[in-house]
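Sequence plus predicted model, see below.
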Amino acid sequence: MRRFLGIYAAAAYLFLYLPLAILGLFSFNNSKIAAWRGFTLDWYRGVFHNPALFEGTINSLIIAFVATIVSTIVGTLAGYALWKKRAPWLTNALYMSLLAPEIVTGVALLALFQWVFRFGHLQLGLHTVILAHISFSLVYVVVVILARLRTFDPGVEEAAADLGANRWQVFRHVTIPLLLPAILGAALLCFTVSFDDYVITSLVAGVDSETLPMMIYAMARKGISPEVNALSAMITVGLGLIILIASSLERSR
Amino acid sequence: MRLRHVFLAPAALVTIVLFFVPLLIALAYSFLTRGPYGGVFAPWTFDNYRRALDPLYLAILWRSVWLASISTLLCLILGFPLALYIARAKRHKILLLNLVMLPFWTSFLIRLYSWMFLLRDTGLINTLLEGLHAIRAPLPLLFNDGAVVLGLVYGFLPFMVLPLYATLEKLDPALLDAAFDLGATPWIALWRVVVPLSRSGIAAGCILVFIPCLGAYLTPDLMGGGKTVMLGNLIQSQFTAARDWPFGAAISLLLMLLVLAVSRLLGKQTENLL
């Protein structure tokens, strides 16, 4: 039984990782087709010398940075307030936004933006993508902050209050420093969720705000390309590292 | 103004303006009429919802439910032994669990692309088989329902493993010892003791996988080959190619209602999530 479980688990981990490993391997393949023809770094060079991909990366980074900063601040404040006292309406609302299918969130945001644009000469662009990303990434921050606060000793705050700190001072000089690893962890998680999003982004992006995932999507639709393999390998390793750092930060005390 | 209200206000603002108001606008659109060149116009009507009951669209609903159910079942079959293995592991439980979660947090799009790279007509599997002269023409591995189910299982397996692990981890090993003492074989102990006691984890896992599968868009779009496979694709096509926003909005809201209804089955357990 134990051996059966071990073999089964090994097969499950292979299922999870093998496709990505093969993709990574073939990003070094010296051929445009999916047959091994020797080692090359050409596709990585190609990615770095592709101006469109560079622009897409910049767009994705701008969006992810701004959305992360806003979501992290707003989410940390909300998580803290929810820990102090429950607010079921906000919890339920955030929970709903987590459950909502991405395509539904996306078209609803598109409907909002098009409706607002009737009243001004505005159009879709980086700003609409950033707003959308703030909307869907907020809940991740709140979840991480609340999870950390559940293991937090309220006695520390009480001690600071007894020593004469007001509520803001307690939060600013006691809670925030203690929460910092979790806040950074939440920010990194937020960053990966934003950097990776395709569905919502593609609906609310304008002509000048094409992101990296939108470009990968377009290339993936066209066919296999070793350049996409190289790009994918770099993104997967990068995001994987960010997640490892984030999860170790969330656990550190 | 109290500090607590100041802290809650920004999140409330974001949630209301960027989540509820958009849904309300979509709700309003769903009762309007499509203009000759797209756009939304009066008169107010129920036609979009009536049209959603057309057999053509009911068939897509049925397909979505069917594909999501199959994917959920496969996640359970794949995830249960995996969760049991992790829960029974002597060391590195958290590491083993994190290894299941890690791919989920990296790019979803790239994970689907990695399967497309394997399954395409010009993909690795077909190229290998052709190189071995095992096949004459490429096998149609991609762009069908099977590929969609594969993508969904690959994408959402962690949602099954997490709650299963949480219940199996709490299972008292003494109960298994008791079963063995009473003469149960490992299989009987599994079926008669472990599975019944982890029912709540199984239910939670199934719902957590079923919900994102039901509303999936990217997976059926890429792995199903751009046909209108599931509700997500139907919504996307109404907002882009068909330019029928009112009907797309109606389908969106029906899907949202369906998802919320299914999530109600989770009941109390959802509170542990937030």
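Okay, I see it. Residues are numbered from 1 along each chain as shown, chains lettered A, B, ... in the order given.

what's near enough to touch residue 226?
Using chain A here. A:26, A:27, A:29, A:31, A:32, A:42, A:43 (Cβ atoms under 8 Å, 6 or more residues apart in numbering or on different chains). For glycine as for every other residue, the C-beta is placed from the backbone atoms N, C-alpha and C.

You answered for a different chain; I wanted chain B.
Residue B:226 makes contact with residue A:221 under the criterion Cβ under 8 Å, 6+ apart.

did I read that right, it in a strand?
No: per DSSP: H, G, I helix; E, B strand; the rest coil, residue B:226 lies outside any strand segment and is coil.

and whichever strand or helix holds residue A:191, what other elements does it pack with?
Counting by DSSP states H and E, the element that carries residue A:191 is helix A:176-196. Contacts defined by 3 or more Cβ pairs under 8 Å, 6 or more residues apart in numbering or on different chains; DSSP states H and E place helix A:176-196 against helix A:51-84, helix A:126-149, helix A:212-222, helix A:226-251, helix B:93-105.

Let me know which of those is the nearest to residue B:113.
Among those, the nearest to residue B:113 by Cβ to Cβ is helix A:212-222 (4.6 Å).

Would you mind writing the CA trace of that closest one as PDB?
C-alpha atoms of helix A:212-222 as PDB (Å, rounded to 0.1, in the frame of the first residue of the first chain):
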ATOM      1  CA  LEU A 212       3.900  40.000 -22.100                       C
ATOM      2  CA  PRO A 213       1.100  37.300 -21.400                       C
ATOM      3  CA  MET A 214      -0.900  38.800 -24.300                       C
ATOM      4  CA  MET A 215       2.200  38.300 -26.600                       C
ATOM      5  CA  ILE A 216       2.800  34.800 -25.400                       C
ATOM      6  CA  TYR A 217      -0.900  34.000 -26.000                       C
ATOM      7  CA  ALA A 218      -0.700  35.300 -29.600                       C
ATOM      8  CA  MET A 219       2.500  33.300 -30.200                       C
ATOM      9  CA  ALA A 220       1.100  30.100 -28.600                       C
ATOM     10  CA  ARG A 221      -2.000  30.300 -30.800                       C
ATOM     11  CA  LYS A 222       0.200  30.500 -33.900                       C
END
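
for residue A:40, phi and psi?
With angles defined as degrees, to the nearest 10, residue A:40 sits at phi -150, psi 160.

Excluding covalently adjacent residues, which one is nearest to residue 16?
Here I'm looking at chain A. residue B:103 (5.4 Å; Cβ to Cβ, 6 or more residues apart in numbering or on different chains).

ah, no, chain B please
With Cβ to Cβ, 6+ apart, the residue lying closest to residue B:16 is residue A:93, at 7.9 Å.

could you give the mean pLDDT of the host helix or strand of the one you found?
Per DSSP H and E, residue A:93 falls inside helix A:88-99. Mean pLDDT, helix A:88-99: 91.

From residue A:21, how far out is whatever residue of the stretch 151-274 of chain B ends up closest to chain A?
With Cβ to the nearest Cβ as the measure, residue B:215 is the residue of the stretch 151-274 of chain B nearest to chain A, at 2.5 Å. Relative to residue A:21, residue B:215 is positioned 29 Å away (Cβ to Cβ, to the nearest Å).

now residue A:126
Going from residue A:126 to residue A:21 by Cβ to Cβ gives 34 Å.

can you pull out the helices in the stretch 51-200 of chain B?
Using DSSP state H, counting those that start in this stretch, the helices of the stretch 51-200 of chain B run over B:55-88, B:93-105, B:108-119, B:124-131, B:145-170, B:173-181, B:186-189, B:195-197, B:199-214.

Would you mind getting the angle between the first one and helix B:93-105?
With axes from the mean of the first three to the mean of the last three Cα atoms, to 10 degrees defining the directions, helix B:55-88 sits at 150 degrees from helix B:93-105.

if we can go back for a sec, please identify the most buried of the helices of the stretch 51-200 of chain B.
Highest mean neighbour count of the helices of the stretch 51-200 of chain B: helix B:108-119, a mean of 24 (counted as mean count of other Cβ atoms under 10 Å in any protein chain shown).

ok, and what's touching that one?
With Cβ under 8 Å, 6+ apart as the contact definition, helix B:108-119 has outside contacts at A:19-20, A:22-23, A:26, A:34, A:196, A:198, A:213, A:216-217, A:220, A:224, A:228-229, A:232, A:235-236, B:103, B:123-126, B:141-142, B:147, B:150-151, B:154-155, B:218-219, B:222-223.

picking that back up, among residue A:126 and residue A:21, which residue is more densely surrounded?
Comparing residue A:126 with residue A:21 by other Cβ atoms under 10 Å in any protein chain shown, the one with more neighbours is residue A:126, at 16 against 13.

List the residues that contact the more buried one.
With contact taken as Cβ under 8 Å, 6+ apart, residue A:126 is in contact with A:59, A:62, A:63, A:206, A:208, A:209.

Tell me the secondary structure of the fourth one, please.
Secondary structure state of residue A:206, per three-state DSSP, is coil.

Repeat that for the last one.
The three-state label for residue A:209, taken from three-state DSSP, comes out as coil.

Poorly predicted segments of the stretch 101-250 of chain B, please.
Residues of the stretch 101-250 of chain B that meet the criterion pLDDT under 70 lie in B:228.

what comes up buried for the next helix or strand after the helix holding residue A:93?
Going down the chain from helix A:88-99, the next helix or strand is helix A:102-117, by DSSP H and E. Applying a neighbour-count criterion of 16 or more other Cβ atoms under 10 Å in any protein chain shown, one finds A:102-115 buried in helix A:102-117.

tell me what whichever helix or strand residue A:19 is part of is packed against?
Assessed by DSSP H and E, residue A:19 sits inside helix A:2-26. Of the remaining helices and strands, those touching helix A:2-26 by 3+ Cβ pairs under 8 Å, 6+ apart are helix A:226-251, helix B:55-88, helix B:93-105, helix B:108-119, helix B:145-170.
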